[in-house]
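Enquirer: sequence and predicted structure, then a few things I'm wondering about:
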Protein chains: 4
Amino acid sequence: MAEPTTRGYTATKDQLRTRLRRIEGQVRGIQGMVDDDRYCIDVLTQISAVQAALDKVALGLMDEHARHCVLHAPDELRAERTDELMAAVARLMRRG
Amino acid sequence: MAEPTTRGYTATKDQLRTRLRRIEGQVRGIQGMVDDDRYCIDVLTQISAVQAALDKVALGLMDEHARHCVLHAPDELRAERTDELMAAVARLMRRG
Amino acid sequence: MAEPTTRGYTATKDQLRTRLRRIEGQVRGIQGMVDDDRYCIDVLTQISAVQAALDKVALGLMDEHARHCVLHAPDELRAERTDELMAAVARLMRRG
Amino acid sequence: MAEPTTRGYTATKDQLRTRLRRIEGQVRGIQGMVDDDRYCIDVLTQISAVQAALDKVALGLMDEHARHCVLHAPDELRAERTDELMAAVARLMRRG
């Protein structure tokens, strides 16, 4: 995760950290909205935003993983790592 | 949101708060995993767990909203509130 | 489902029929792609298109149902119908 | 796609064909339900079933593709094919 430039869904470790910190703040914000009895539809909109942000983090991690840990795995590990990756994709598609 | 018993997806305000606090902790845990260079697949599994927890919160909120704010809305507001609810469902299905 | 005009996600029965016929054709097209050994990524793109089309049909049906069968249900049936609707939403969010 | 045994999400071409034919039949069944004015919730349940079946086909195709067309791609094509695969995953997660 050290390359200075990114392509596609790839994210550097710093970008992932920044996004996760922002997501943590958004979740705290949602707690505040519930405490303040804010309109449910507005809370639901914020939950959808957090989920989109989490999916973006997941796609960034998965892209890094495919590129580094699957493609560059020793031959005898590649099949196993592809299995793992597909199982992770299934869970993110909520079919795991 | 004050009833002591719940049915179906309905969640009390306290249950929502507890779940959201736990989700905040899970997101912090994911940050720690990224900091520690934990295996990507394990991080992705945690992200899937947070997504499931957020969906549960969303379903709880939506159920409350349908039951209280849509069904019991004054007649002239019901159509509008149904529109809002359907738009929220579409966003949670990632089609918004 | 007889009104000539639609709003939001609402779809008339004829619109639903047309969409479902088109989806059936798309699924047949995917079978042809598999038979012809077409590039997997192109097949996956078509599957995503069918999923989007099915979600649109589902949102149309759900909107009609909420508007007619839940809001206009006799008082004693409304809670039960709201439960059913929420369970259907959960299944479409793949959490059912 | 010729191996007689499968592992994980992998599906043979014949399995994919069989599943897609069944999905086509399910979509036709949904059209019949709409024609017969069947209860919306039951139609929605069938739509969710078709979506689960399509996701299973997609996971089978993706697994085959990762295993054969990405891992065994010539070196100069692997990065590009990983990009394509990640974009397909994003579309199936409805974030494409």
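Expert: Ah, there it is.
Enquirer: and chain A, which residues reach chain C?
Expert: Applying CB under 8 Å from any CB of the partner chain, one finds that chain A approaches chain C through A:Met93, A:Arg94, A:Arg95. (Each C-beta comes from the backbone N, C-alpha and C, glycine too.)
Enquirer: top of the residues you listed by neighbour count?
Expert: Counting neighbours by other CB atoms under 10 Å in any protein chain shown, A:Met93 leads the residues of chain A next to chain C with 18 neighbours.
Enquirer: what's near enough to touch it?
Expert: Going by CB atoms under 8 Å, 6 or more residues apart in numbering or on different chains, A:Met93 touches C:Arg94, D:Asp55, D:Ala58, D:Leu59, D:Leu92, D:Met93.
Enquirer: pLDDT and secondary structure for those - can I get that in JSON lines?
Expert: Putting those into JSON lines (pLDDT from 0 to 100; DSSP: H, G, I helix; E, B strand; the rest coil) gives the following:
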{"residue": "C:Arg94", "pLDDT": "94", "secondary structure": "coil"}
{"residue": "D:Asp55", "pLDDT": "97", "secondary structure": "helix"}
{"residue": "D:Ala58", "pLDDT": "97", "secondary structure": "helix"}
{"residue": "D:Leu59", "pLDDT": "96", "secondary structure": "helix"}
{"residue": "D:Leu92", "pLDDT": "96", "secondary structure": "helix"}
{"residue": "D:Met93", "pLDDT": "96", "secondary structure": "coil"}
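Enquirer: now A:His72. Its backbone dihedrals?
Expert: Taking degrees, to the nearest 10, you get phi -100, psi 10 for the backbone angles of A:His72.
Enquirer: still on that earlier bit, could the contacts of A:Met93 be laid out in a markdown table, adding distance to A:Thr82?
Expert: Shown next, in a markdown table, are the contacts of A:Met93 (distance: CB to CB, whole Å):
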| residue | distance to A:Thr82 |
| --- | --- |
| C:Arg94 | 23 |
| D:Asp55 | 18 |
| D:Ala58 | 16 |
| D:Leu59 | 12 |
| D:Leu92 | 17 |
| D:Met93 | 18 |
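Enquirer: out of the residues you listed, who's nearest chain B?
Expert: Each of these was scored against chain B by CB to the nearest CB, and D:Met93 proved nearest at 7.7 Å.
Enquirer: how about A:Leu71: what's its closest non-neighbour residue?
Expert: Leaving aside its sequence neighbours, A:Leu71 sits nearest to D:Arg78 (CB to CB, 6 or more residues apart in numbering or on different chains; 5.6 Å).
Enquirer: A:Thr10 in helix, strand or coil?
Expert: Following DSSP: H, G, I helix; E, B strand; the rest coil, A:Thr10 is assigned to coil.
Enquirer: got a pLDDT number for A:Val70?
Expert: Note on A:Val70: pLDDT of 90.
Enquirer: give the contact list for it.
Expert: Going by CB under 8 Å, 6+ apart, A:Val70 touches A:Arg78, A:Arg81, A:Thr82, A:Leu85, D:Ala66, D:Leu71.
Enquirer: swap the cut-off to 10 Å and go again
Expert: A:Val70 makes contact with A:62, A:77-82, A:84-85, B:40, D:66, D:70-71, D:78, D:82 under the criterion CB atoms under 10 Å, 6 or more residues apart in numbering or on different chains.
Enquirer: so what's A:Leu85 closest to, chain neighbours aside?
Expert: In space, A:Leu85 is closest to A:Val70, 5.8 Å off (CB to CB, 6+ apart).
Enquirer: equivalent analysis for A:Gln26, please.
Expert: A:Gln26 sits nearest to A:Val50 (CB to CB, 6+ apart), 4.9 Å away.
Enquirer: quick one, the helix or strand that the one you found is a member of and helix B:40-65 angle?
Expert: Assigning secondary structure by DSSP states H and E places A:Val50 in helix A:40-65. On the basis of axes from the mean of the first three to the mean of the last three CA atoms, to 10 degrees, helix A:40-65 is oriented at 170 degrees to helix B:40-65.
Enquirer: which helices and strands sit right next to helix A:40-65?
Expert: Using 3 or more CB pairs under 10 Å, 6 or more residues apart in numbering or on different chains; DSSP states H and E, the elements in contact with helix A:40-65 are helix A:13-35, helix A:75-92, helix B:13-35, helix B:40-65, helix B:75-92, helix D:75-92.
Enquirer: can you do 6 Å?
Expert: The contact analysis (3 or more CB pairs under 6 Å, 6 or more residues apart in numbering or on different chains; DSSP states H and E) places helix A:40-65 against helix A:13-35, helix B:40-65, helix B:75-92.
Enquirer: list the buried ones in the last one?
Expert: Buried residues in helix B:75-92, counted by 16 or more other CB atoms under 10 Å in any protein chain shown: B:78-79, B:81-92.
Enquirer: what do you get for the second one?
Expert: Within helix B:40-65, the residues that count as buried by 16+ other CB under 10 Å are B:40-41, B:43-48, B:50-51, B:54-65.
Enquirer: list the helices and strands the helix or strand of chain A with the lowest mean pLDDT packs on?
Expert: Scoring the helices and strands of chain A by mean pLDDT, DSSP states H and E places helix A:75-92 at the bottom, with a mean of 93. Counting contacts by 3+ CB pairs under 6 Å, 6+ apart, helix A:75-92 is packed against helix B:40-65.
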